[in-house]
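Q: This is a predicted model, with the sequence first.
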Amino acid sequence: MKLKLIRLFIFGIFGLISFQLSAQDEYKAEIGIEGGGSYYLGEANSHPFSNMRMAYGGFFRYRFDQRLAARVELVSATVAGQGINDNSVYAGDLCGEFNFFDLEKNQYKQFSKTFSPYIFAGIGMMTGVYDGQTSPEFSLTFGVGLKVKLVDRWNLNIQWSNRVLLADNLEGTGIHSTYNNSNSLNGSNILNNDLLSTFTVGLSFDIWKKHCDCENSSVIKDRHKYKH
């Protein structure tokens with residue numbers, strides 16, 4: 001009887017070690033930095049990806065689960081086009097994200113992957129849009145991206161963002177006011193609004209470790225074992 005208990009104890013220890021080696025820690029959120037290029041579409045620039053300038057920023061992402069997340073992002077970009085000098089614009093966005101795959105490192109979950117394309121949409125504000133701006137301009141944000149889980153707690157983020165400014169003045173004011181006539185009939189974009197786009201590559205680090213649901217993890221592992 002004692003020998004059987006010792007054997008069960010030893011097997012239990014090895015099973016626990018095996019579980020710890022195979023299980024992956026999960027985290028609720030991540031913080032990161034990003035860099036890339038920016039361009040705008042309006043009267044002074046009507047071709048996508050032309051007159052690109054440098055863009056950089058940072059973001060915070062909170063994960064509700066493997067598919068849904070919310071992101072706060074701050075970006076510094078530059079507006080450039082025909083007849084206008086580089087104009088620094090600062091944008092802040094709050095967006096909801098949807099991953100097409102279950103984004104997690106879990107060998108016991110059939111549909112989990114270490115990468116996923118995603119879409120996002122939300123609202124934002126911009127400052128530095130024009131000289132003498134006294135209050136932030138509202139914008140609508142949308143885009144697509146790709147997330148990749150790297151080693152340990154590091155993640156890669158590739159993203160194309162589009163911010164529709166609810167105005168027609170990214171070209172500036174004053175000497176460039178000819179781009180924005182009083183009748184608002186000179187727009188080259190949908191709804192006559194200017195659009196600021198950024199294409200960035202980012203690196204993020206996981207924070208806020210989740211509590212382990214050991215019971216559910218054991219159930220998943222048992223199902224995986226019986227399948228084989």
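A: Alright, I've got the coordinates. Residues are numbered from 1 along each chain as shown.

Q: Average pLDDT for stretch 96-110, rounded please.
A: The average pLDDT within stretch 96-110 is 82.

Q: Run through this structure and note the low-pLDDT ranges.
A: When residues are selected by pLDDT under 70, those of the chain lie in 1-24, 83, 106-111, 171-192, 212-228.

Q: quick one, strands of it?
A: Listed in chain order, the strands of the chain (DSSP state E) span 27-41, 53-63, 68-81, 84-99, 102-103, 112-113, 115-127, 137-149, 154-165, 195-209.

Q: can I get the ones you listed in a markdown table with distance to His47?
A: C-betas here are computed from N, CA, C, even on glycine. Formatted as a markdown table, these follow (distance: least, Cβ to Cβ, whole Å):
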| stretch | distance to His47 |
| --- | --- |
| strand 27-41 | 8 |
| strand 53-63 | 14 |
| strand 68-81 | 10 |
| strand 84-99 | 15 |
| strand 102-103 | 34 |
| strand 112-113 | 36 |
| strand 115-127 | 22 |
| strand 137-149 | 19 |
| strand 154-165 | 15 |
| strand 195-209 | 12 |
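
Q: got the ones you listed as TSV, with mean neighbour count columns?
A: Below are the strands of the chain laid out as TSV (neighbours: other Cβ atoms under 10 Å):
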stretch	mean neighbour count
strand 27-41	19
strand 53-63	18
strand 68-81	20
strand 84-99	18
strand 102-103	18
strand 112-113	18
strand 115-127	18
strand 137-149	18
strand 154-165	20
strand 195-209	19
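
Q: Tell me what the spatially closest residue to Tyr56 that is not a sequence neighbour is bridged to.
A: Once flanking residues are discounted, Tyr56 sits nearest to Gly35: 4.4 Å by Cβ to Cβ, 6 or more residues apart in numbering. With DSSP bridges as the criterion, Gly35 is bridged to Tyr56, Val201.

Q: Isn't Gly35 up against Phe59?
A: No: assessed by Cβ atoms under 8 Å, Gly35 is found out of contact with Phe59, at 11.8 Å.

Q: list the residues that contact both of these two?
A: Common contacts of Gly35 and Phe59 (Cβ atoms under 8 Å, 6 or more residues apart in numbering): Gly202.

Q: Can you name the residues bridging to Phe205?
A: Bridge pairing for Phe205 - DSSP bridges - gives Ile31, Trp154.

Q: May I have the residues that are in contact with it?
A: 30-32, 153-155.

Q: Same check on Ser197?
A: 38-41, 48, 160-163.

Q: Now with 6 Å, please.
A: Residues near Ser197 by Cβ atoms under 6 Å, 6 or more residues apart in numbering: 39, 162.

Q: Show me what it bridges to in the sheet.
A: Tyr39, Asn162.

Q: Quick one: neighbours of the residue nearest to Ala80 when sequence neighbours are not counted, just the number.
A: Closest residue to Ala80 apart from its sequence neighbours, by Cβ to Cβ, 6+ apart: Asn51 at 4.4 Å. Per other Cβ atoms under 10 Å, the neighbour tally for Asn51 reads 17.
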